[in-house]
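S.K.: show me how the following folds:
(one chain, ligands or ions: 2)
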Amino acid sequence: MTENESAIWSAVQKGEFRAVARAISYIENGVRDFHSFLKKAPASSATIIGITGPPGAGKSTLVDALIGELVARGHRIAVLCIDPSSSFHSGALLGDRIRMSDWYDHPNVYIRSLSSRGSMGGLHPGILEISDLLKAAGFAYILVETVGVGQSEVEIAALADTTLLVLVPEAGDEIQMMKAGVMEIASIFVVNKADRPGADIFIRNLRRSIGPGLPYAPQAPVIKTNALLKEGIPGLVEAIEMDRGRRQEPAALYRLLAERAWYQLRKERMKGINKQELADKIGRAYSNGEDFNLYRFVENYQANYSPSRSSTSDNR
Ligand SMILES: Nc1nc2c(ncn2[C@@H]2O[C@H](COP(=O)(O)OP(=O)(O)OP(=O)(O)O)[C@@H](O)[C@H]2O)c(=O)[nH]1
Ligand SMILES: [Mg+2]
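M.R.: Ligands and ions are numbered 1, 2, ... in the order given. Model prediction:
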């Protein structure tokens with residue numbers, strides 16, 4: 001633990017945005033992990049809210065409206081926008097930034113985009129450390145907006161306290177086609193763009209699909225919003241609080257904490273292992289004239305390069 005690290009951590013605990021930004025960059029780049037502090041951090045009752053849904057459903061507009069409602073209730077809010085690090089989505093992300101720009105200078109709102117580097121289209125592997133750091137910085141709600149592609153929405157649903165699946169009325173036919181797995185990640189269905197025709201029929205059909213023995217997430221409430229006009233937002237916040245309450249029941253809580261432990265364990269075990277390094281080793285074996293056999297390679301790799309030996313970026 002360096003002195004510099006302690007100084008950053010104490011500034012983080014005071015909620016200083018610049019320290020928060022620096023610390024997140026360190027975690028994002030794998031330079032520091034702040035585990036020595038996170039191990040001692042007091043338990044926090046902050047809520048992590050995942051916001052997922054198809055492109056253009058209005059997730060960022062909804063985040064903007066939620067920030068407004070939560071700030072008005074006196075809370076400090078952090079927002080993480082998952083950047084898929086692909087040029088395909090960079091336009092959309094620029095749009096996000098513009099939509100939330102009202103909040104950039106607000107003293108109780110911290111907004112940050114986060115790459116999904118090194119995680120195959122999922123969340124940034126340091127997402128839990130980053131969330132816990134934000135909790136230590138005193139944010140009561142951490143909103144994580146994912147893009148509706150890849151692994152990130154499935155991962156955030158496992159790790160968040162509650163997950164909003166944002167749909168739009170036009171998704172009527174899509175719902176039939178959406179993979180069951182995607183519908184099942186919802187703790188709360190948000191039917192946004194309720195100003196569009198067909199919203200009520202869509203909501204009725206969706207409610208019919210939800211319930212014990214029915215295909216999708218039993219119990220998940222359906223909330224109707226118009227994010228642009230900020231309609232339905234207080235009701236959404238109530239639904240979030242109720243869902244949060246349900247998740248504090250022991251069985252649900254232990255499952256959630258087990259998901260987080262599993263995610264972190266996997267990360268720790270994979271430390272120091274990357275595909276380029278594997279390709280290099282395989283290439284060297286090939287040039288020595290060896291045949292590649294997956295099982296011999298893995299066995300040999302595990303025997304000679306266990307994470308604890310090959311780890312280089314560990315700063316504890
Ligand atoms: N009519 C109507 N338009 C909305 C509503 N909410 C959002 N929009 C519009 O829908 C468009 C997409 O909104 P975003 O908030 O960027 O959607 P998103 O889901 O974040 O999009 P990606 O991040 O690109 O996946 C924008 O033009 C919004 O103004 C709504 O409730 N009603
Ligand atoms: Mg967006």
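S.K.: so what's the residue count around the residue in the chain positioned nearest to ligand 2?
M.R.: When scored by Cβ to the ion, the chain has Ser60 as its residue closest to ligand 2, at 3.3 Å. Where C-beta positions appear, they are placed from N, C-alpha and C, glycine not excepted. Close neighbours of Ser60, defined as other Cβ atoms under 10 Å, add up to 23.
S.K.: hang on, it packs against Glu145?
M.R.: Yes - counting by Cβ atoms under 8 Å, Ser60 touches Glu145, with 6.3 Å between them.
S.K.: re earlier: look at the residue of the chain closest to ligand 2 and give its secondary structure.
M.R.: When classified by DSSP: H, G, I helix; E, B strand; the rest coil, Ser60 comes out as helix.
S.K.: pLDDT score for it?
M.R.: Predicted confidence (pLDDT) for Ser60: 92.
S.K.: could you do Ile201 as well?
M.R.: 89.
S.K.: local confidence estimate at Gly172?
M.R.: 57.
S.K.: strands of the chain, residue ranges please.
M.R.: All strands of the chain, identified by DSSP state E, fall at 47-52, 77-83, 109-115, 141-145, 162-167, 188-191, 222-224.
S.K.: chain center to stretch 220-239: distance?
M.R.: 20 Å (Cα atoms, centre = their mean, to the nearest Å).
S.K.: so which bits of stretch 25-33 are buried?
M.R.: Tyr26, Ile27, Glu28, Gly30, Arg32, Asp33 (16 or more other Cβ atoms under 10 Å).
S.K.: between those, which sits nearest ligand 1?
M.R.: Using Cβ to the nearest ligand atom, Glu28 comes nearest to ligand 1 of the buried residues of stretch 25-33, at 20.0 Å.
S.K.: just to revisit the earlier point, out of the strands of the chain, the one nearest Arg247 is which?
M.R.: strand 162-167 (6.8 Å; Cβ to Cβ).
S.K.: CA atoms of that closest one as PDB?
M.R.: Output in PDB follows, covering the C-alpha atoms of strand 162-167 (Å, rounded to 0.1, in the frame of the first residue of the first chain):
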ATOM      1  CA  THR A 162     -32.200  -4.600  -8.900                       C
ATOM      2  CA  THR A 163     -32.400  -4.600 -12.700                       C
ATOM      3  CA  LEU A 164     -34.700  -2.500 -14.900                       C
ATOM      4  CA  LEU A 165     -35.400  -4.000 -18.300                       C
ATOM      5  CA  VAL A 166     -36.500  -1.100 -20.500                       C
ATOM      6  CA  LEU A 167     -38.900  -2.000 -23.300                       C
END
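S.K.: tell me which strands that strand pairs with, and in which orientation.
M.R.: strand 47-52 (parallel), strand 188-191 (parallel) (DSSP bridges).
S.K.: what's the angle from it to strand 141-145?
M.R.: In terms of direction (axes from the mean of the first three to the mean of the last three Cα atoms, to 10 degrees), strand 162-167 departs from strand 141-145 by 40 degrees.
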